[in-house]
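[1] Return a 3D structure for these sequence lines:
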Amino acid sequence: MKVILLEDVKKVGKKDEIVDVSDGYANNYLIKNKLAIQYTKASNERLKQELDTKALEEDLFVKEMIKWQEELEKNTITFEVQTGKDDQVFGQISSKQIKDKLMDMGYDIKKNNIVIDKSIDSLGIHNVKLQLHKKVIVNLKISLIKK
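    Model prediction:
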C-alpha cells in the first residue's frame with residue numbers, strides 16, 4: 001500500500017515522502033498512529049500544495065534573512081569594556097551579550113545561531129558568524145573599546 005508520511009519514521013522514510021509498505025503495517029501502525037495517510041490522488045494534490053506553500057514561505061524567509069545579512073555586514077557592533085593593566089579586558093563577550101545587543105537593534109536571533117570561533121577577550125575588532133539560515137551566514141564584526 002502506498003502512503004504519504006506525515007512524520008519521519010525510522011527505517012521507512014522522511015516526512016512528506018510517498019512510500020510503499022505492507023497493508024498491515026500501513027493500517028495497523030502508520031495510519032492508526034497518524035504517522036501516515038493513504039496515498040490517493042486527492043491526498044497527493046494536497047501534499048503538492050503544502051510543499052509548494054512551504055517552498056514559497058522558505059523563499060520569503062531566505063529573502064528576509066539576506067536583507068538582514070546585508071544590513072548586519074555593513075555595521076560593527078561595539079561593546080565598551082573595562083580594562084586593566086596593559087589594556088587587558090576583564091572577562092569576555094559571550095553569545096548572550098551579542099544576542100542582547102542584536103535584540104536592541106531589532107534583530108531576533110537565537111543565541112545558538114551565533115558561532116564564536118575564538119574568545120572575544122581583547123580590544124579591537126573580532127569576527128563572529130551568525131547562521132540566520134542554512135543558506136545565509138553573516139560575518140559580523142564585533143568591536144571592543146575601552147570605557
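[2] For Asp87, see how far away the spatially most central residue of the chain is.
    Central residue of the chain (Cα atoms, centre = their mean): His133, 4.6 Å from the mean position. Distance, His133 to Asp87, using Cβ to Cβ, to the nearest Å: 37 Å. For glycine as for every other residue, the C-beta is placed from the backbone atoms N, C-alpha and C.
[3] tell me the contacts of Ile120?
    Gln92, Ile93, His126, Val128, Ile142, Leu144 (Cβ atoms under 8 Å, 6 or more residues apart in numbering).
[4] wait, which of those residues is closest to Lys2?
    Val128 (47.7 Å; Cβ to Cβ).
[5] And the closest one, what's its pLDDT?
    pLDDT recorded at Val128 is 92.
[6] do the same with Gly124
    The model's pLDDT for Gly124 equals 89.
[7] want to throw the contacts of Ile120 into CSV with neighbour count?
    Listed next are the contacts of Ile120 as CSV, based on neighbours: other Cβ atoms under 10 Å:
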residue, neighbour count
Gln92, 13
Ile93, 20
His126, 20
Val128, 19
Ile142, 19
Leu144, 21
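[8] what element comes up after the top helix by length along the chain heading to the C-terminus?
    Identified as the longest helix of the chain according to DSSP state H is helix 41-74. Sequence order places strand 76-81 as the next helix or strand after helix 41-74, per DSSP states H and E.
[9] just so I have it, where are all the helices in the protein?
    23-25, 41-74, 95-105.
[10] JSON lines for those helices, including mean neighbour count?
    As requested, these are arranged in JSON lines below (neighbours: other Cβ under 10 Å):
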{"stretch": "helix 23-25", "mean neighbour count": "10"}
{"stretch": "helix 41-74", "mean neighbour count": "12"}
{"stretch": "helix 95-105", "mean neighbour count": "15"}
